[in-house]
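> Pasting the sequence and the predicted coordinates here, then a few questions.
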Amino acid sequence: SDEKIYRQMEETLAEVEAKFGHEYSLLIDGQPVKTQEKFKSYNPSDKDQIIGVFQKASSNEVDLAIKAATRAFESWRHFPAKERAMVLLRAAEIMKRRRLEIDAWMIYEVGKSWIEADADVAEAIDFLEFYSREMLRYAETQPVTPVPGEFPELVYIPLGVGAIIPPWNFPMAILTGMSSAAIVTGNTILLKPASDAPMIGQLFVEIMQEAGLPAGVLNFVTGSGANIGDYIVTHPQIRFISFTGSKEIGLRINQLAAKPQQGQIWIKRVVAEMGGKDTIIVDSECNLEAAVQATVASAFGYQGQKCSACSRVVVLQDIYDEFVERLVERTKKITVGPVKDYTNYMGPVINQSALEKILYYIEIGKKEGKLVIGGNKVPGNGFFVEPTIIKDVSPTARIAQEEIFGPVLAVIKAKDFNEAVAIANNTEYGLTGAVFSTNRANINYAKQKFFVGNLYINRKCTGALVGGHPFGGFNMSGTDSKAGGRDYLLLFLQAKSISEKLDY
């Protein structure tokens with residue numbers, strides 16, 4: 001029952017809080033490693049609370065981790081696909097068992113509400129199960145055209161040692177998806193978690209160890225991206241880099257990885273999921289209440305800190321005023337505060353610099369449009385910002401073009417549906433988008449013309465489901481990868497064609 005789960009969650013939060021402040025090691029070749037320098041992870045809801053103390057790795061530890069991964073690759077690549085898949089399935093079972101505990105750590109470390117945290121863990125479990133089955137499919141006999149007098153085969157083999165650099169905003173889901181895809185395909189990895197979410201990375205490592213992953217396949221290196229990021233990316237033994245984060249860092253990784261280093265005998269593969277400036281279009285013919293509800297959830301769920309979040313809503317002029325009025329009414333009901341309290345819908349933003357960036361953009365927005373609700377920092381010992389809506393924004397305004405990554409929504413007026421789609425496409429990104437309409441011709445027009453990797457009709461633009469909504473965008477949103485899709489594992493594999501002449 002809900003009541004029972006609620007009580008269990010309250011108990012789990014208390015148990016986890018009692019474990020705050022412990023020190024955690026790097027994991028290299030299955031062994032704990034400590035460094036001279038340390039850094040701390042803090043609770044963004046209460047910035048004096050230390051979640052844990054972590055090692056600040058240098059290039060020395062990166063070298064050790066890559067050496068360990070290189071050694072482990074020689075055996076792991078030859079493990080039967082079924083055995084590698086079984087490690088993921090066992091990890092999924094452990095994650096199910098520890099689900100509330102992981103939820104609790106996430107609520108504290110990155111400021112997710114109970115429901116958002118639980119959805120994150122559920123998505124991680126889905127990735128483990130989905131990619132394990134996908135690997136079995138790629139390990140089967142692959143279809144090739146028959147060749148007279150020969151026996152042709154096509155097999156998929158792993159790439160080598162990869163760097164996995166996940167974000168803080170889906171600290172278990174995306175980290176698990178990126179890592180498990182690389183591991184199940186037979187690669188070995190150096191995992192560098194986001195500096196704002198190292199504890200969740202630590203939990204993932206514990207789970208993979210318990211699931212029976214051999215030493216050296218996963219090497220866990222915490223530290224500052226500014227200090228060791230470039231070194232990892234340019235290391236000649238790194239074969240591929242899988243990254244999720246900002247456009248700026250994604251482009252930098254792509255540029256650095258493109259330059260071959262001394263002793264490097266391959267072109268590095270870069271898989272990057274970068275940002276979004278995602279739009280919901282509200283047609284004059286639509287279920288207005290559903291559109292309002294979805295816009296609020298997409299714009300303010302997890303404080304707007306999702307690459308899929310709605311940061312622009314384009315509304316047809318006939319219903320513009322009514323939509324804005326209802327949108328503001330619904331936004332007024334949002335509660336903001338520490339998320340260990342279940343009743344708070346919105347928690348903190350991730351850190352001080354995020355808070356400052358969001359407030360900076362709100363000031364710009366006040367000049368570019370009309371502030372109708374929000375706009376302020378919320379008092380308290382955390383990084384809280386009010387849900388903010390700015391209307392009458394020009395499609396070319398900065399707050400309509402630049403990724404803010406916070407609870408700031410720009411409302412833009414369109415004269416007709418075609419113009420609304422043109423406005424939605426007028427950005428350098430192309431990740432998610434949604435359309436609310438009951439007009440079949442307009443829906444079909446959007447399906448053809450709305451240029452995003454994930455388009456949703458009459459539902460919110462966040463909350464992609466593994467397997468059902470393969471996730472990844474166009475243009476500056478990334479390298480066209482589709483996480484949770486049938487072709488994702490191919491990004492971590494290479495195809496080898498073998499043909500034997502039958503009568504020799």
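Right, received. Where do you want to start? Residues are numbered from 1 along each chain as shown.

> what's the distance between Ile319 and Ile280?
The spacing between Ile319 and Ile280, counted by Cβ to Cβ, to the nearest Å, is 13 Å. Every residue, glycine included, has its C-beta placed from N, CA and C.

> Comparing the two, which residue is more hemmed in?
Just comparing Ile319 and Ile280: by other Cβ atoms under 10 Å the higher neighbour count belongs to Ile280, 26 against 17.

> in its sheet, what does the host helix or strand of the more buried one sit against?
Assigned by DSSP states H and E, Ile280 falls within strand 278-282. When pairing is defined by DSSP bridges, strand 278-282 lines up against strand 310-316 (parallel), strand 432-436 (parallel).

> can you pull the contacts of Tyr231?
Residues counted as contacts of Tyr231 (Cβ atoms under 8 Å, 6 or more residues apart in numbering) are Ser59, Val62.

> returning to what we had before: please point out which parts of the strand holding Ile280 sit buried.
By neighbour count on 16 or more other Cβ atoms under 10 Å, the buried set for strand 278-282 is Asp278, Thr279, Ile280, Ile281, Val282.

> Model confidence score at the residue lying closest to Leu493 once chain neighbours are set aside, please.
Once flanking residues are discounted, Leu493 sits nearest to Tyr156: 4.2 Å by Cβ to Cβ, 6 or more residues apart in numbering. pLDDT for Tyr156: 98.

> Run through the neighbouring helices and strands of the helix or strand encompassing Tyr156.
For Tyr156, the host element (DSSP H and E) is strand 150-158. Other helices and strands packing on strand 150-158, by 3 or more Cβ pairs under 8 Å, 6 or more residues apart in numbering; DSSP states H and E, are strand 493-501.

> what angle sits between the strand it packs on and strand 150-158?
160 degrees (axes from the mean of the first three to the mean of the last three Cα atoms, to 10 degrees).

> Run a quick neighbour tally on Ser353.
When neighbours are counted by other Cβ under 10 Å, Ser353 comes out with 10.

> For it, give its distance to Asn169.
Distance from Ser353 to Asn169, counting by Cβ to Cβ: 14 Å.

> any idea how far Leu493 is from the closest residue to Phe79 other than its chain neighbours?
Nearest non-adjacent residue to Phe79, counting by Cβ to Cβ, 6+ apart: Gly186, 7.0 Å away. Distance of Gly186 to Leu493, computed by Cβ to Cβ: 8 Å.

> what does Ile66 give?
Distance from Ile66 to Leu493, by Cβ to Cβ: 20 Å.

> So for these two, which residue has more residues nearby?
Legend: neighbour count by other Cβ under 10 Å for Ile66 and Leu493, higher for Ile66 (23 against 18).

> ok, how many other residues are close to the nearest residue to that one once chain neighbours are set aside?
Spatial nearest neighbour of Ile66, excluding adjacent residues (Cβ to Cβ, 6+ apart): Gln237 at 5.0 Å. By other Cβ under 10 Å, the residues close to Gln237 number 16.

> Cool, thanks, talk later.
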